[in-house]
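Engineer: With the sequence up front, the predicted model follows.
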Amino acid sequence: MNKPRKAVRRKSSGVTIDEVAAHAGVSPMTVSRVMNGQGKVRDSTRERVLEAVRELNYTPNLAASSLAAAQHTRIALIYTNPSGAYLRELLVGLLRVASRTAVQLVVDYWDDLDADNERKSARALAKRVDGVILPPPLCESRTAVNELVRAGVPVVAIASGHFRDDISCVRIDDFRAGKEIAEHLIAQGHTRIGCIKGRTDLSASARRFEGFLAALDDAGIALDPTLVQQGDYTYRGGLEAASKLLGLRHPPSAIFASNDDMAAAAISVAHRQGLDVPRDLSVVGFDDTSAATTVWPELTTIHQPIASMANAAIDILLRGIRRKDANTRVLSDHVMPHRLIARDSVAPPPRRK
(Lines give C-alpha, C1' and ligand atoms only; values in the text may rest on other atoms or scores of the structure.)
Protein backbone atom coordinates (compact mmCIF):
# COMPACT_ATOMS: atom_id res chain seq x y z
CA MET A 1 0.00 0.00 0.00
CA ASN A 2 1.41 3.33 -1.06
CA LYS A 3 1.60 5.94 1.64
CA PRO A 4 0.11 9.32 0.75
CA ARG A 5 2.72 11.91 -0.10
CA LYS A 6 3.23 14.70 2.37
CA ALA A 7 3.20 18.20 1.09
CA VAL A 8 6.64 19.73 1.36
CA ARG A 9 6.84 23.40 2.20
CA ARG A 10 9.99 25.02 1.00
CA LYS A 11 11.35 27.59 3.39
CA SER A 12 12.28 30.78 1.60
CA SER A 13 15.46 32.60 2.53
CA GLY A 14 14.77 35.44 0.08
CA VAL A 15 14.76 39.12 0.87
CA THR A 16 11.39 40.49 2.00
CA ILE A 17 9.62 43.65 0.90
CA ASP A 18 10.03 45.01 4.45
CA GLU A 19 13.82 44.65 4.19
CA VAL A 20 13.82 46.51 0.86
CA ALA A 21 11.65 49.25 2.38
CA ALA A 22 13.97 49.64 5.37
CA HIS A 23 17.04 49.72 3.12
CA ALA A 24 15.49 52.43 0.93
CA GLY A 25 14.00 54.38 3.84
CA VAL A 26 10.42 54.15 2.54
CA SER A 27 7.26 52.25 3.41
CA PRO A 28 6.52 48.73 2.09
CA MET A 29 3.53 50.24 0.27
CA THR A 30 5.88 52.54 -1.65
CA VAL A 31 8.06 49.58 -2.64
CA SER A 32 4.94 47.77 -3.84
CA ARG A 33 3.88 50.78 -5.94
CA VAL A 34 7.31 51.01 -7.56
CA MET A 35 7.45 47.30 -8.37
CA ASN A 36 3.89 47.24 -9.72
CA GLY A 37 4.13 50.51 -11.65
CA GLN A 38 1.01 51.81 -9.93
CA GLY A 39 0.38 55.11 -8.20
CA LYS A 40 2.49 58.26 -8.27
CA VAL A 41 6.02 57.96 -6.87
CA ARG A 42 8.71 60.63 -7.11
CA ASP A 43 11.55 59.83 -9.49
CA SER A 44 14.12 60.18 -6.68
CA THR A 45 12.14 57.80 -4.47
CA ARG A 46 11.66 55.30 -7.29
CA GLU A 47 15.39 55.32 -8.02
CA ARG A 48 16.16 54.79 -4.30
CA VAL A 49 13.80 51.81 -4.16
CA LEU A 50 15.19 50.25 -7.35
CA GLU A 51 18.73 50.73 -6.07
CA ALA A 52 17.74 48.82 -2.91
CA VAL A 53 16.16 46.13 -5.09
CA ARG A 54 19.39 45.75 -7.05
CA GLU A 55 21.65 45.76 -3.99
CA LEU A 56 19.56 43.19 -2.14
CA ASN A 57 18.80 41.13 -5.27
CA TYR A 58 15.11 41.28 -4.39
CA THR A 59 12.43 39.57 -6.45
CA PRO A 60 8.83 40.20 -5.35
CA ASN A 61 7.36 37.29 -3.44
CA LEU A 62 3.98 37.17 -5.14
CA ALA A 63 0.94 36.96 -2.94
CA ALA A 64 -0.87 33.64 -2.54
CA SER A 65 -3.41 34.57 -5.18
CA SER A 66 -0.62 35.46 -7.59
CA LEU A 67 1.13 32.19 -6.89
CA ALA A 68 -2.11 30.34 -7.54
CA ALA A 69 -2.31 32.10 -10.88
CA ALA A 70 1.34 31.34 -11.58
CA GLN A 71 0.95 27.57 -11.13
CA HIS A 72 0.77 25.91 -14.54
CA THR A 73 0.88 29.36 -16.18
CA ARG A 74 2.71 29.52 -19.49
CA ILE A 75 4.21 32.85 -20.51
CA ALA A 76 5.81 33.23 -23.93
CA LEU A 77 8.74 35.39 -24.95
CA ILE A 78 8.71 35.96 -28.70
CA TYR A 79 11.85 37.30 -30.31
CA THR A 80 13.27 37.91 -33.76
CA ASN A 81 16.58 39.32 -34.98
CA PRO A 82 17.51 40.92 -31.65
CA SER A 83 20.73 42.35 -30.31
CA GLY A 84 22.42 39.28 -28.85
CA ALA A 85 23.59 41.15 -25.75
CA TYR A 86 20.13 42.61 -25.14
CA LEU A 87 18.46 39.20 -25.51
CA ARG A 88 20.88 37.62 -23.00
CA GLU A 89 20.06 40.28 -20.40
CA LEU A 90 16.34 39.83 -20.96
CA LEU A 91 16.46 36.04 -20.77
CA VAL A 92 18.49 36.12 -17.55
CA GLY A 93 15.84 38.35 -15.97
CA LEU A 94 12.95 36.21 -17.16
CA LEU A 95 14.54 32.92 -16.14
CA ARG A 96 15.38 34.27 -12.69
CA VAL A 97 11.76 35.23 -12.05
CA ALA A 98 10.37 32.05 -13.61
CA SER A 99 12.62 29.93 -11.37
CA ARG A 100 11.15 31.58 -8.26
CA THR A 101 7.56 31.11 -9.30
CA ALA A 102 5.58 28.33 -10.92
CA VAL A 103 5.63 30.13 -14.29
CA GLN A 104 6.64 28.10 -17.32
CA LEU A 105 8.61 30.23 -19.78
CA VAL A 106 8.07 29.48 -23.47
CA VAL A 107 10.63 30.96 -25.89
CA ASP A 108 9.40 31.31 -29.46
CA TYR A 109 11.56 32.53 -32.36
CA TRP A 110 9.87 34.24 -35.29
CA ASP A 111 12.37 34.44 -38.11
CA ASP A 112 11.44 37.72 -39.84
CA LEU A 113 7.91 36.61 -40.60
CA ASP A 114 5.69 38.58 -42.95
CA ALA A 115 2.36 39.95 -41.72
CA ASP A 116 0.34 36.90 -42.75
CA ASN A 117 2.69 34.44 -41.03
CA GLU A 118 2.88 36.66 -37.96
CA ARG A 119 -0.90 36.53 -37.77
CA LYS A 120 -0.92 32.73 -38.06
CA SER A 121 1.87 32.30 -35.51
CA ALA A 122 0.15 34.62 -33.02
CA ARG A 123 -3.13 32.78 -33.45
CA ALA A 124 -1.47 29.41 -32.80
CA LEU A 125 0.52 30.70 -29.82
CA ALA A 126 -2.58 32.22 -28.20
CA LYS A 127 -4.06 28.72 -27.90
CA ARG A 128 -1.23 27.36 -25.77
CA VAL A 129 -0.02 30.22 -23.54
CA ASP A 130 -1.60 32.47 -20.91
CA GLY A 131 0.43 35.61 -21.54
CA VAL A 132 3.00 37.03 -23.97
CA ILE A 133 6.05 39.28 -23.62
CA LEU A 134 7.09 41.19 -26.74
CA PRO A 135 10.60 42.70 -26.77
CA PRO A 136 11.92 44.84 -29.64
CA PRO A 137 11.21 44.74 -32.54
CA LEU A 138 8.01 42.72 -32.08
CA CYS A 139 6.77 45.15 -29.43
CA GLU A 140 5.91 47.38 -32.41
CA SER A 141 4.13 44.69 -34.45
CA ARG A 142 0.54 45.81 -34.90
CA THR A 143 -0.31 42.48 -36.57
CA ALA A 144 0.90 40.30 -33.70
CA VAL A 145 -0.57 42.56 -31.01
CA ASN A 146 -4.00 42.72 -32.68
CA GLU A 147 -4.19 38.94 -33.00
CA LEU A 148 -3.15 38.29 -29.39
CA VAL A 149 -5.48 40.95 -27.97
CA ARG A 150 -8.35 39.59 -30.07
CA ALA A 151 -7.69 36.15 -28.52
CA GLY A 152 -7.89 37.64 -25.02
CA VAL A 153 -4.25 36.96 -24.17
CA PRO A 154 -2.58 39.55 -21.87
CA VAL A 155 0.43 41.13 -23.57
CA VAL A 156 3.30 43.24 -22.23
CA ALA A 157 5.62 45.15 -24.55
CA ILE A 158 9.16 45.66 -23.29
CA ALA A 159 11.18 48.73 -24.36
CA SER A 160 8.58 50.30 -26.61
CA GLY A 161 9.16 54.02 -27.00
CA HIS A 162 5.64 54.97 -25.90
CA PHE A 163 2.56 53.70 -24.08
CA ARG A 164 -0.12 52.02 -26.20
CA ASP A 165 -3.86 51.86 -25.65
CA ASP A 166 -4.24 48.09 -26.12
CA ILE A 167 -1.40 46.41 -24.21
CA SER A 168 0.72 47.06 -21.13
CA CYS A 169 4.23 48.45 -21.43
CA VAL A 170 7.44 48.30 -19.41
CA ARG A 171 9.90 50.90 -20.65
CA ILE A 172 12.24 53.75 -19.86
CA ASP A 173 11.94 57.38 -20.95
CA ASP A 174 14.01 57.05 -24.13
CA PHE A 175 13.68 60.73 -25.02
CA ARG A 176 15.03 61.87 -21.67
CA ALA A 177 17.79 59.25 -21.71
CA GLY A 178 18.88 60.20 -25.22
CA LYS A 179 18.94 63.87 -24.25
CA GLU A 180 20.97 63.20 -21.10
CA ILE A 181 23.74 61.25 -22.79
CA ALA A 182 23.99 63.80 -25.61
CA GLU A 183 24.21 66.55 -22.99
CA HIS A 184 27.05 64.59 -21.36
CA LEU A 185 29.05 64.85 -24.60
CA ILE A 186 28.21 68.52 -24.99
CA ALA A 187 29.30 69.22 -21.40
CA GLN A 188 32.72 67.76 -22.30
CA GLY A 189 33.01 70.37 -25.06
CA HIS A 190 31.90 68.38 -28.11
CA THR A 191 29.99 70.34 -30.74
CA ARG A 192 30.52 68.09 -33.76
CA ILE A 193 28.74 64.92 -32.70
CA GLY A 194 27.90 62.05 -35.02
CA CYS A 195 24.77 59.97 -34.46
CA ILE A 196 24.12 56.34 -35.41
CA LYS A 197 20.35 55.90 -35.29
CA GLY A 198 18.55 52.69 -34.39
CA ARG A 199 16.02 50.72 -36.43
CA THR A 200 13.46 52.78 -38.30
CA ASP A 201 10.58 50.53 -37.22
CA LEU A 202 11.08 51.08 -33.47
CA SER A 203 9.56 54.01 -31.61
CA ALA A 204 12.28 53.81 -28.95
CA SER A 205 14.87 54.54 -31.66
CA ALA A 206 12.94 57.61 -32.75
CA ARG A 207 12.62 58.86 -29.17
CA ARG A 208 16.36 58.49 -28.53
CA PHE A 209 17.14 60.48 -31.66
CA GLU A 210 14.60 63.14 -30.68
CA GLY A 211 16.36 63.44 -27.33
CA PHE A 212 19.69 63.82 -29.14
CA LEU A 213 18.25 66.61 -31.30
CA ALA A 214 16.76 68.36 -28.26
CA ALA A 215 20.15 68.42 -26.55
CA LEU A 216 21.77 69.96 -29.62
CA ASP A 217 18.98 72.53 -29.88
CA ASP A 218 19.25 73.51 -26.20
CA ALA A 219 23.00 74.01 -26.65
CA GLY A 220 22.54 76.09 -29.80
CA ILE A 221 24.31 73.52 -31.98
CA ALA A 222 23.00 73.28 -35.54
CA LEU A 223 22.42 69.75 -36.82
CA ASP A 224 24.75 68.72 -39.62
CA PRO A 225 22.83 66.06 -41.65
CA THR A 226 26.10 64.46 -42.79
CA LEU A 227 26.76 63.48 -39.17
CA VAL A 228 23.62 61.32 -38.95
CA GLN A 229 23.82 57.72 -40.17
CA GLN A 230 21.17 55.01 -40.08
CA GLY A 231 21.98 51.87 -38.12
CA ASP A 232 20.02 48.70 -37.39
CA TYR A 233 21.07 47.87 -33.81
CA THR A 234 23.59 45.26 -35.04
CA TYR A 235 27.38 45.29 -34.74
CA ARG A 236 27.73 45.06 -38.53
CA GLY A 237 25.35 47.98 -38.99
CA GLY A 238 27.46 49.97 -36.53
CA LEU A 239 30.63 49.19 -38.50
CA GLU A 240 29.12 50.53 -41.71
CA ALA A 241 27.69 53.67 -40.11
CA ALA A 242 30.85 54.49 -38.14
CA SER A 243 33.03 53.98 -41.23
CA LYS A 244 30.94 56.59 -43.09
CA LEU A 245 31.15 59.06 -40.19
CA LEU A 246 34.90 58.69 -39.69
CA GLY A 247 35.47 58.80 -43.44
CA LEU A 248 34.10 62.34 -43.70
CA ARG A 249 36.43 65.19 -44.62
CA HIS A 250 35.51 66.76 -41.28
CA PRO A 251 34.71 63.77 -39.03
CA PRO A 252 32.97 64.14 -35.68
CA SER A 253 34.86 64.37 -32.40
CA ALA A 254 32.23 62.16 -30.73
CA ILE A 255 29.72 59.50 -31.76
CA PHE A 256 26.33 58.90 -30.13
CA ALA A 257 25.26 55.31 -30.95
CA SER A 258 21.70 54.20 -30.23
CA ASN A 259 22.79 50.92 -28.63
CA ASP A 260 25.94 49.34 -27.21
CA ASP A 261 26.49 46.92 -30.12
CA MET A 262 26.80 49.81 -32.58
CA ALA A 263 28.91 51.84 -30.14
CA ALA A 264 31.31 48.91 -29.76
CA ALA A 265 31.52 48.74 -33.54
CA ALA A 266 32.35 52.46 -33.69
CA ILE A 267 35.26 51.91 -31.28
CA SER A 268 36.50 49.06 -33.49
CA VAL A 269 36.46 51.30 -36.58
CA ALA A 270 38.28 54.04 -34.68
CA HIS A 271 41.03 51.61 -33.60
CA ARG A 272 41.35 50.32 -37.17
CA GLN A 273 41.96 53.89 -38.34
CA GLY A 274 44.62 54.47 -35.70
CA LEU A 275 42.43 56.72 -33.55
CA ASP A 276 42.67 56.67 -29.79
CA VAL A 277 39.40 56.45 -27.86
CA PRO A 278 38.70 58.75 -26.08
CA ARG A 279 41.66 61.04 -26.82
CA ASP A 280 40.83 61.39 -30.55
CA LEU A 281 37.20 60.25 -30.51
CA SER A 282 34.58 59.89 -27.77
CA VAL A 283 31.90 57.20 -28.10
CA VAL A 284 28.71 56.59 -26.11
CA GLY A 285 26.22 53.75 -26.30
CA PHE A 286 22.82 52.85 -24.91
CA ASP A 287 21.36 49.98 -22.78
CA ASP A 288 24.42 49.00 -20.67
CA THR A 289 24.48 45.42 -21.93
CA SER A 290 27.50 43.13 -21.67
CA ALA A 291 28.83 44.71 -24.88
CA ALA A 292 29.50 47.91 -22.92
CA THR A 293 32.14 46.26 -20.73
CA THR A 294 33.69 43.81 -23.19
CA VAL A 295 35.24 46.53 -25.37
CA TRP A 296 38.23 48.73 -24.64
CA PRO A 297 37.82 51.32 -23.40
CA GLU A 298 34.59 50.44 -21.61
CA LEU A 299 31.57 52.37 -22.83
CA THR A 300 29.86 55.34 -21.32
CA THR A 301 26.22 54.39 -21.79
CA ILE A 302 22.64 54.59 -20.53
CA HIS A 303 21.76 51.81 -18.10
CA GLN A 304 18.41 50.30 -18.97
CA PRO A 305 17.36 47.90 -16.15
CA ILE A 306 16.54 45.04 -18.52
CA ALA A 307 16.39 42.27 -15.91
CA SER A 308 14.15 44.37 -13.65
CA MET A 309 11.94 45.18 -16.63
CA ALA A 310 11.52 41.44 -17.26
CA ASN A 311 10.52 40.99 -13.62
CA ALA A 312 7.93 43.76 -13.88
CA ALA A 313 6.56 42.31 -17.14
CA ILE A 314 5.89 38.90 -15.59
CA ASP A 315 4.25 40.49 -12.54
CA ILE A 316 1.95 42.57 -14.77
CA LEU A 317 1.03 39.46 -16.77
CA LEU A 318 0.24 37.42 -13.66
CA ARG A 319 -2.07 40.14 -12.36
CA GLY A 320 -3.78 40.25 -15.76
CA ILE A 321 -4.15 36.48 -15.90
CA ARG A 322 -5.55 36.42 -12.36
CA ARG A 323 -8.22 38.94 -13.32
CA LYS A 324 -11.09 36.72 -14.44
CA ASP A 325 -13.32 39.43 -15.86
CA ALA A 326 -11.94 40.26 -19.31
CA ASN A 327 -14.15 43.36 -19.44
CA THR A 328 -12.14 44.93 -16.60
CA ARG A 329 -8.78 44.63 -18.36
CA VAL A 330 -6.37 47.12 -16.78
CA LEU A 331 -3.30 48.28 -18.71
CA SER A 332 -0.07 49.35 -17.04
CA ASP A 333 2.49 51.85 -18.30
CA HIS A 334 5.50 51.02 -16.15
CA VAL A 335 8.23 53.62 -16.75
CA MET A 336 11.43 52.55 -15.01
CA PRO A 337 14.32 54.90 -14.19
CA HIS A 338 17.49 54.85 -16.27
CA ARG A 339 21.01 55.91 -15.29
CA LEU A 340 23.90 57.43 -17.17
CA ILE A 341 26.96 55.24 -16.57
CA ALA A 342 30.17 57.20 -17.14
CA ARG A 343 33.14 55.03 -18.10
CA ASP A 344 36.34 55.63 -20.08
CA SER A 345 35.08 56.17 -23.64
CA VAL A 346 34.45 59.92 -23.26
CA ALA A 347 36.90 62.81 -22.92
CA PRO A 348 37.04 66.44 -24.08
CA PRO A 349 37.59 66.85 -27.85
CA PRO A 350 41.19 67.06 -29.10
CA ARG A 351 42.61 70.50 -29.70
CA ARG A 352 42.67 71.56 -33.31
CA LYS A 353 46.17 71.66 -34.79
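Structural biologist: The structure has been received and is ready for your questions. Residues are numbered from 1 along each chain as shown.
Engineer: Show me the helices in the stretch 1-150 of the chain, by range?
Structural biologist: Under the criterion DSSP state H, counting those that start in this stretch, the stretch 1-150 of the chain carries helices at the ranges 17-24, 28-36, 43-56, 64-70, 84-100, 115-126, 142-150.
Engineer: contact partners of the first one?
Structural biologist: Just to be clear, that refers to helix 17-24. When contacts are defined by C-beta atoms under 8 Å, 6 or more residues apart in numbering, helix 17-24 is touched by residues 27-28, 30-32, 45, 48-49, 51-53, 55-56, 58, 60-61. To be clear about C-beta, it is placed using only N, CA and C from the backbone, and glycine gets the same treatment.
Engineer: Narrow these to those that are buried.
Structural biologist: Judged by neighbour count, with 16 or more other C-beta atoms under 10 Å as the criterion, the buried members of these are 30, 31, 32, 45, 48, 49, 52, 53, 58, 60.
Engineer: Poorly predicted segments of the stretch 201-350 of the chain, please.
Structural biologist: Flagging of the stretch 201-350 of the chain using pLDDT under 70 yields the residue ranges 323-329.
Engineer: ok, residue 283 - contacts?
Structural biologist: 254, 255, 257, 263, 266, 267, 270, 277, 299, 300, 345, 346.
Engineer: what about 6 Å?
Structural biologist: 255, 263, 266, 267, 277, 345 (C-beta atoms under 6 Å, 6 or more residues apart in numbering).
Engineer: I'd assumed residue 295 was in contact with the last one.
Structural biologist: Right, the one you point to is residue 345. No - contact between residue 345 and residue 295 fails when scored by C-beta atoms under 6 Å: they sit 8.1 Å apart.
Engineer: Looking at the two, which is more packed in?
Structural biologist: Ranked by neighbour count (other C-beta atoms under 10 Å), residue 345 and residue 295 place residue 345 first, with 27 against 21.
Engineer: Distance of that one relative to residue 277?
Structural biologist: Residue 345 sits 6 Å away from residue 277 when distances are taken as C-beta to C-beta, to the nearest Å.
Engineer: mind listing the helices for the stretch 251-353 of the chain?
Structural biologist: Shown for the stretch 251-353 of the chain, the helices assigned by DSSP H, counting those that start in this stretch span residues 260-272, 306-322.
Engineer: Rebuild those helices as CSV, extending it with distance to residue 113.
Structural biologist: Output for the helices of the stretch 251-353 of the chain, formatted as CSV (distance: least, C-beta to C-beta, whole Å):
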stretch, distance to residue 113
helix 260-272, 23
helix 306-322, 22
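Engineer: of the ones you listed, which approaches residue 167 most closely?
Structural biologist: Comparison of these against residue 167 by C-beta to C-beta identifies helix 306-322 as nearest, at 9.8 Å.
Engineer: can you give me the angle the closest one makes with helix 84-100?
Structural biologist: Following axes from the mean of the first three to the mean of the last three C-alpha atoms, to 10 degrees, one obtains 50 degrees for the angle between helix 306-322 and helix 84-100.
Engineer: can you give me the angle helix 306-322 makes with helix 43-56?
Structural biologist: Computed by the same axes, to 10 degrees, the angle between helix 306-322 and helix 43-56 is 100 degrees.
Engineer: Relative to residue 182, which of the contacts of residue 283 is nearest.
Structural biologist: Closest to residue 182 out of the contacts of residue 283 is residue 255 (11.2 Å), distances taken as C-beta to C-beta.
Engineer: what's the neighbour count on the closest one?
Structural biologist: Residue 255 - counted by other C-beta under 10 Å - has 33 other residues nearby.
Engineer: partner residues bridging it?
Structural biologist: Listed beta-bridge partners, residue 255: residue 194, residue 283 (assigned using DSSP bridges).
Engineer: got the contact list for it?
Structural biologist: Going by C-beta under 6 Å, 6+ apart, residue 255 touches 194, 266, 283.
Engineer: Identify, from the residues you listed, the entry nearest to residue 179.
Structural biologist: Nearest to residue 179 out of these is residue 194 (C-beta to C-beta; 16.7 Å).
Engineer: my guess is that closest one contacts residue 227, does it?
Structural biologist: Yes - at 4.5 Å, residue 194 counts as touching residue 227 under the criterion of C-beta under 6 Å.
Engineer: joint contacts of the two?
Structural biologist: Common contacts of residue 194 and residue 227 (C-beta under 6 Å, 6+ apart): residue 252.
Engineer: Neighbour count: those two, which is higher?
Structural biologist: Set side by side, residue 194 and residue 227 show more neighbours around residue 194, with 26 against 20, by other C-beta under 10 Å.
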